[in-house]
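Asker: Sharing a model prediction with you, sequence too.
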Amino acid sequence: MSAVAQVIDTNSAIEAEVELTDGFHLVIDALKLNGIETIYGVPGIPITDLGRMAQAEGIRVISFRHEQNAGNAAAIAGFLTKKPGICLTVSAPGFLNGLTALANATTNCFPMILISGSSEREIVDLQQGDYEEMDQLAIAKPLCKAAFRVLHAEDIGIGVARAIRAAVSGRPGGVYLDLPAKLFSQVVDAEKGAKSLVKVIDAAPDQLPAPSAVERALEVLKSAKKPLIILGKGAAYAQADETIREFIETSGIPFLPMSMAKGLLPDTHPLSAGAARSTVLKDSDVVLLVGARLNWLLSHGKGKTWGDAPKKFIQVDIEPKEMDSNVEIVAPLVGDIGSVVSALLDGVKAGWTAPSDAWIGEIKARKEVNIAKMSQRLLKNSTPMDFHSALGALKQVIKERPDAILVNEGANTLDLARGVIDMYQPRKRLDVGTWGVMGIGMGFAVGAAVETGKPVLAVEGDSAFGFSGMEVETICRYELPVCIVVFNNNGIYRGLDTDPTGRDPGTTVFVKGSRYDKMMEAFGGVGYNATTPDELKRFVDEAMNSGRPTLINAVIDPAAGSESGNIGSLNPQSVVKKKS
Ligand code: ADP
Ligand code: MG
């Protein structure tokens with residue numbers, strides 16, 4: 001591992017053999033010492049050899065076709081494992097490509113570290129025009145939780161340790177680690193180098209809530225006539241699954257899962273209020289938020305969505321600044337979800353009256369109506385398929401294979417799949433998250449397959465798929481058990497737009513009748529073209545049984561979608577029509 005070089009002691013003029021190491025080895029040793037098993041990245045100057053050497057040293061190195069996808073894979077690895085996912089990129093353009101994923105990880109509270117090679121400080125700082133010159137540290141800083149640069153090989157241990165602790169402690173997030181090219185070839189005494197490495201102890205310590213805060217929260221909860229628990233992806237991240245389940249079942253309080261918290265308890269659980277979302281948001285009087293923020297996805301805790309009745313919010317979050325961010329939080333519970341919920345559970349066990357039959361009955365009635373309405377739409381066996389009939393087939397797939405991981409992005413494909421496909425296990429639904437960003441698909445699919453070894457079903461809008469579609473080659477190269485279903489409706493939202501001048505295709509449409517399945521075949525994977533729900537189900541089953549990389553082009557009626565899916569209200573439309 002370390003090179004042996006001859007060093008001449010000039011004082012005594014005696015030749016001695018000293019074992020040496022360098023920046024490359026120290027970075028790899030520091031990552032390994034801290035239990036990092038996988039690196040996601042794109043090779044190139046100056047980190048090509050780092051990737052090669054990491055692979056030789058037993059770290060799994062997954063090379064992508066574009067840094068954003070590698071970054072997304074690292075981010076979702078962080079969400080799934082509570083260890084920082086590592087993304088490795090080249091300088092300037094590669095760094096910038098990775099930065100989108102780093103910013104997205106930070107926004108979603110996923111722990112990840114973007115390690116980028118960079119150019120020489122002396123030249124960058126004097127702006128003398130180095131190869132891929134860019135002040136990467138300065139650019140990364142406002143877009144992530146913390147950013148560090150290491151200039152001396154003997155500081156690599158501390159640099160990596162700080163990056164890991166910053167990523168996973170408190171509210172998790174993205175960290176940038178800048179490693180200039182020169183660092184890698186710096187040579188130091190191997191023994192000194194080994195001593196400089198730091199194994200991070202208790203990287204994300206438990207944070208217990210104050211007993212008075214727990215008491216206050218329990219009092220508010222006990223005063224509720226119509227209590228509701230909202231589970232967010234923070235609750236899924238916390239991996240306190242059993243505690244959360246026991247708390248909900250012991251208290252008998254209905255719960256509403258946010259998108260990536262689906263499956264924490266099965267969507268089919270009697271206390272799930274998923275199918276009565278608007279009713280419970282409107283009619284509840286006390287809402288306990290567990291790892292969910294009152295951001296746009298929850299209409300900021302106010303307005304029509306939440307109804308007129310007075311509402312009290314209790315919030316569990318590791319980040320104190322999250323409290324009162326949108327509305328008053330009458331009982332803030334600052335701490336890690338495992339510790340806080342277990343304290344609440346103790347309180348409930350000590351004395352508790354379950355919510356009234358009236359409240360539970362109201363929710364049950366609403367659920368039954370909505371589920372019945374939905375199941376009719378799912379059964380249609382039309383050609384071409386609409387979103388519902390295609391999703392009906394996929395709902396069945398996940399029901400039969402609850403341990404498969406569902407990756408989901410798109411507009412209609414996302415909004416409708418979220419409602420239609422029931423989840424049964426925690427951390428099995430991975431989607432566009434807080435930003436509602438397109439482009440996470442193949443990165444998440446690769447990251448999920450690599451980290452869990454479980455089959456992945458990626459349900460993709462045709463537009464969404466385009467952002468990361470080239471990674472089908474990566475999926476084939478690493479032979480990952482990923483089945484991609486592209487909902488092909490010829491365009492964004494719908495496939496019917498035209499150019500009023502008649503010159504070009506409409507701005508939201510793609511080539512009609514495209515065959516995305518051929519892309520997978522080009523790299524040795526399996527492609528199918530599905531035109532009916534029965535075909536779709538059969539092809540997905542075949543893919544899941546074989547574990548082979550598969551892409552199914554699902555032909556969807558171009559007229560079936562709606563503008564911006566469920567969030568059309570966020571998409572301004574001009575009311576002024578110009579006379580021509
Ligand atoms: P969703 O979009 O599903 O509602 P958000 O991403 O808005 O979820 O919220 C997740 C919240 O969970 C963040 O405010 C984050 O600080 C918090 N969080 C993440 N991990 C933990 C944890 N281990 N303990 C407590 N809170 C956590
Ligand atoms: Mg589309």
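Answerer: Nice, I can see it. Numbers count the residues shown, from 1 in each chain. Ligands and ions are numbered 1, 2, ... in the order given.
Asker: list the contacts for the closest residue to residue 268 other than its chain neighbours?
Answerer: Excluding the flanking residues, the one nearest residue 268 by C-beta to C-beta, 6 or more residues apart in numbering is residue 422, at 5.8 Å. C-beta: built from backbone N, CA, C; applies to glycine. For residue 422, the contacting residues are 262, 266, 267, 268, 395, 398, 399, by C-beta atoms under 8 Å, 6 or more residues apart in numbering.
Asker: what about stretch 477-497, start to end distance?
Answerer: End-to-end span of stretch 477-497 (C-alpha to C-alpha, to the nearest Å): 37 Å.
Asker: What residues does the stretch 401-550 of the chain have near ligand 1?
Answerer: Residues of the stretch 401-550 of the chain found near ligand 1 (C-beta under 6 Å from any ligand atom) are residue 434.
Asker: For the residue in the stretch 251-400 of the chain that ligand 2 sits nearest to, which non-adjacent residue is spatially closest?
Answerer: With C-beta to the ion as the measure, residue 387 is the residue of the stretch 251-400 of the chain nearest to ligand 2, at 9.8 Å. Spatial nearest neighbour of residue 387, excluding adjacent residues (C-beta to C-beta, 6+ apart): residue 416 at 4.8 Å.
Asker: State the helix or strand in which the one you found lies.
Answerer: Element membership for residue 416, per DSSP states H and E: helix 412-420.
Asker: From residue 51, how far out is the residue nearest to residue 268?
Answerer: 40 Å (C-beta to C-beta, to the nearest Å).
Asker: Could you do residue 75 as well?
Answerer: Taking C-beta to C-beta as the measure, residue 75 falls 19 Å from residue 51.
Asker: Ok, residue 366 next?
Answerer: Counting by C-beta to C-beta, the separation of residue 366 from residue 51 is 53 Å.
Asker: more crowded one of residue 75 and residue 51?
Answerer: More neighbours surround residue 75 than the other of residue 75 and residue 51, with 32 against 20 (other C-beta atoms under 10 Å).
Asker: Isn't the more buried one up against residue 113?
Answerer: No: using C-beta atoms under 8 Å, residue 75 is not in contact with residue 113, being 10.2 Å away.
Asker: list residues touching both of the two?
Answerer: Residues touching both residue 75 and residue 113 by C-beta under 8 Å, 6+ apart: 85, 87, 174.
Asker: Any idea how many residues pack against the first one?
Answerer: Which is residue 85. Per other C-beta under 10 Å, the neighbour tally for residue 85 reads 31.
Asker: For it, which residues count as its bridge partners?
Answerer: residue 112 (DSSP bridges).
Asker: Contacts only, for it.
Answerer: 38, 40, 73-78, 105, 110-113, 447.
Asker: need the residues of the chain near ligand 2, please.
Answerer: 461, 462, 463, 489 (C-beta under 5 Å from the ion).
Asker: what does the model give the residue nearest in space to the middle of the chain for pLDDT?
Answerer: For the chain, residue 76 is the residue whose C-alpha lies nearest the centre (C-alpha atoms, centre = their mean; 4.4 Å). Among the per-residue scores, residue 76 holds a pLDDT of 99.
Asker: buried residues in whatever helix or strand residue 195 lives in?
Answerer: Using DSSP H and E, residue 195 maps to helix 190-196. Within helix 190-196, the residues that count as buried by 16 or more other C-beta atoms under 10 Å are 190, 193, 194, 196.
Asker: Just the CA coordinates for the helix or strand just after that helix, please, in CSV.
Answerer: Once helix 190-196 ends, the next helix or strand along the chain (criterion: DSSP H and E) is helix 211-222. The C-alpha coordinates for helix 211-222 follow below in CSV (Å, rounded to 0.1, in the frame of the first residue of the first chain):
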residue,chain,number,x,y,z
PRO,A,211,-38.7,16.4,30.0
SER,A,212,-40.7,19.7,30.4
ALA,A,213,-41.1,19.9,26.6
VAL,A,214,-42.4,16.3,26.5
GLU,A,215,-44.9,17.0,29.3
ARG,A,216,-46.1,20.1,27.5
ALA,A,217,-46.6,18.2,24.2
LEU,A,218,-48.5,15.4,26.0
GLU,A,219,-50.8,17.9,27.6
VAL,A,220,-51.7,19.4,24.2
LEU,A,221,-52.1,16.0,22.7
LYS,A,222,-54.4,14.9,25.5
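Asker: What lies in contact with helix 211-222?
Answerer: Identification of contacts with helix 211-222 by C-beta under 8 Å, 6+ apart yields 227, 251, 253, 286, 288, 312, 314, 330-334, 340, 343-344, 347-348, 352-353.
Asker: circling back to that earlier point, which one of the residues of the chain next to ligand 2 has the most neighbours?
Answerer: residue 489 (31 neighbours).
Asker: re earlier: now, the residues of the chain next to ligand 2 that are in helices?
Answerer: Using DSSP state H, the subset of these located in helices is 462, 463.
Asker: Widest-spaced pair of the residues of the chain next to ligand 2?
Answerer: Across the residues of the chain next to ligand 2, the longest distance by C-beta to C-beta is 9.2 Å; it joins 463 and 489.
Asker: before we move on, back to that, could you check how far the residue nearest to residue 268 is from ligand 2?
Answerer: Distance, residue 422 to ligand 2, by C-beta to the ion, to the nearest Å: 24 Å.
Asker: in what helix or strand does that residue lie?
Answerer: Assigned by DSSP H and E, residue 422 belongs to no helix or strand.
Asker: what's the answer for residue 534, then?
Answerer: helix 533-546.
Asker: Would you mind getting the angle between the next helix or strand after that helix and helix 533-546?
Answerer: From helix 533-546 onward toward the C-terminus, using DSSP H and E, the following helix or strand is strand 550-555. Between strand 550-555 and helix 533-546, the angle comes out at 170 degrees (axes from the mean of the first three to the mean of the last three C-alpha atoms, to 10 degrees).
Asker: hey, C-alpha coordinates of stretch 425-435 in PDB?
Answerer: The C-alpha trace of stretch 425-435 is given here as PDB (Å, rounded to 0.1, in the frame of the first residue of the first chain):
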ATOM      1  CA  GLN A 425     -42.400  -1.000   4.400                       C
ATOM      2  CA  PRO A 426     -40.300   1.900   5.500                       C
ATOM      3  CA  ARG A 427     -37.900   3.800   3.100                       C
ATOM      4  CA  LYS A 428     -39.200   2.000   0.000                       C
ATOM      5  CA  ARG A 429     -40.500   5.000  -1.700                       C
ATOM      6  CA  LEU A 430     -37.900   7.400  -3.100                       C
ATOM      7  CA  ASP A 431     -39.000  10.500  -5.000                       C
ATOM      8  CA  VAL A 432     -38.600  14.100  -6.000                       C
ATOM      9  CA  GLY A 433     -38.600  15.300  -2.400                       C
ATOM     10  CA  THR A 434     -38.800  18.900  -1.100                       C
ATOM     11  CA  TRP A 435     -38.000  20.600  -4.400                       C
END
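Asker: on that earlier part again, export the contacts of residue 422 to a markdown table and append columns for secondary structure, distance to residue 67 and pLDDT.
Answerer: Listed next are the contacts of residue 422 as a markdown table, based on DSSP: H, G, I helix; E, B strand; the rest coil; distance: C-beta to C-beta, whole Å; pLDDT from 0 to 100:
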| residue | secondary structure | distance to residue 67 | pLDDT |
| --- | --- | --- | --- |
| 262 | coil | 29 | 98 |
| 266 | coil | 37 | 98 |
| 267 | coil | 35 | 98 |
| 268 | coil | 39 | 98 |
| 395 | helix | 34 | 98 |
| 398 | helix | 31 | 98 |
| 399 | helix | 36 | 98 |
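Asker: Would you mind checking these for buried ones?
Answerer: Buried by 16+ other C-beta under 10 Å: 262, 266, 267, 395, 398, out of the contacts of residue 422.
Asker: The third one contacts residue 425, doesn't it?
Answerer: So that's residue 267. No: contact between residue 267 and residue 425 fails when scored by C-beta under 8 Å: they sit 10.5 Å apart.
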